[in-house]
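Peer 1: Here is my input, please return the structure:
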Amino acid sequence: MTQPTSGVPPALTPPTRFAEVRFSTYRPQNDMQAEALREAERLAGQIRERYTAPWWKRVFGNGEDELRGGLYLVGPVGTGKTHLLASIYHALHPDVPCAFTHSSDLFRARQRPEDYARGLAERARVLLIDEVELDDPAAEVRLIHVLKTLRDLGVTVAATSNAEPEKFVSAQFGRDRLERFISEEFRNTYHVVFVGGEDFRQRLAKPGKAWIGLREATQAAMRLAFDADARAKRWIDFEDLLHLATNTERSTLLARLLEPDALYLADIAVDNTDDALRLLRVVDDLYTADPPPVLHFTATAMPETWFNADDVHVGLEASIAEKFLRTTSRLHAMCNVERVGARR
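Peer 2: Numbers count the residues shown, from 1 in each chain. Below you'll find the model as predicted:
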């Protein structure tokens, strides 16, 4: 396998929090999750058959190759989709060259989509993309060009997302240039499996803490925790974070946020779609960082009330509101909540 020449980042493995996950450690909570497990195992088996079976079996087999372009696991947050995606990686690696990446890395890459895809194909026969989210047309166009190039190069793709193909931006706005790929070719190329269920993250141990209530009480409570914390730490007011998120390149901002071991975020208040999108991206980056800082925050209201999908119904705002459910889930996964005083 030659080394890539197109600048594809070298770290293409699952985050360390998924280092030990396997198909055998996935515990389906319903029939949909059981089907998703079967389909993920089936895909891994088909890939192994294609690339590792004895030569005589590949030459003199029954001539049938059921392996399609790949697998697309879609469903609400916290149903174990990333667990299954990482399990595919561990079932194949190192016998079959695999690459695991988050969609944000794909969207941030500076190369042309075709060059990025060729760089991946130089090192992997299977690409696993976690959390495909398409909240702007430019990202959607980039993803489509990457997927088409990978398909032409014979690379199998498996991906996870909270959004079904028909709910991508192009489909919502009726953009004819992309609508056929999204609504028809995507489903023809990838086996789409819905993974439903409750958010398992709510049951996990949580390293950080959130204080919800009147500002004076929450500020005082978090200040006590901050002063007692002996780790490298940083206190950021939410308004300052929004300013940084607006004026700082995303990877540079993430590097700054990852410098301390503990991050204290004061007075979160989401007033509009722009605030929601900026916070969504920050929380995504913190949650997927390897390792992440321990997060603490204050707010006057619970996260699920900040940007409720039930309150918006059209266009890009509705799409972001739906994705913000993942932000709420991840904040609850990272932080235990304590109510302080009376809520506004």
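Peer 1: Show me which residues of stretch 265-281 are buried.
Peer 2: Buried residues in stretch 265-281, counted by 16 or more other CB atoms under 10 Å: 265-268, 270, 273, 275-281. No exception for glycine: its C-beta is placed from N, CA and C like everyone else's.
Peer 1: What lies in contact with it?
Peer 2: Residues outside stretch 265-281 that contact it (CB atoms under 8 Å, 6 or more residues apart in numbering): 104, 135, 215, 219, 222, 235-239, 241-242, 245-246, 250, 295-300, 303, 306-307, 316-317, 320-321, 323-324, 326-327.
Peer 1: buried subset of these?
Peer 2: Buried members of those, counted by 16+ other CB under 10 Å: 104, 135, 215, 222, 236, 238, 241-242, 245, 295-300, 303, 306-307, 316-317, 320-321, 323-324, 326-327.
Peer 1: Could I get the full set of strands for the stretch 101-250 of the chain?
Peer 2: Taking DSSP state E, counting those that start in this stretch as the test, the strands found in the stretch 101-250 of the chain are 126-132, 156-161, 190-194, 208-213, 233-237.
Peer 1: between these, which gets nearest to L71?
Peer 2: strand 156-161 (4.3 Å; CB to CB).
Peer 1: and that closest one with strand 190-194, angle?
Peer 2: Angle, strand 156-161 to strand 190-194, by axes from the mean of the first three to the mean of the last three CA atoms, to 10 degrees: 30 degrees.
Peer 1: ok, and what's touching strand 156-161?
Peer 2: 40, 43, 47, 67, 69-74, 81-82, 84-85, 88, 103, 125-133, 147, 150-151, 190.
Peer 1: can you count the residues close to S87?
Peer 2: Residues within reach of S87, counting by other CB atoms under 10 Å, total 24.
Peer 1: so what's H332 scoring on pLDDT?
Peer 2: Predicted confidence (pLDDT) for H332: 89.
Peer 1: Which element is encountered next along the chain beyond the helix or strand where R256 lies?
Peer 2: Here R256 is covered by helix 250-257, with elements defined by DSSP states H and E. Later in the chain than helix 250-257, the nearest helix or strand by DSSP H and E is strand 262-268.
Peer 1: Just checking: what are the partner strands of that following strand?
Peer 2: Partner strands and pairing direction for strand 262-268 (DSSP bridges) are strand 233-237 (parallel), strand 294-299 (parallel).
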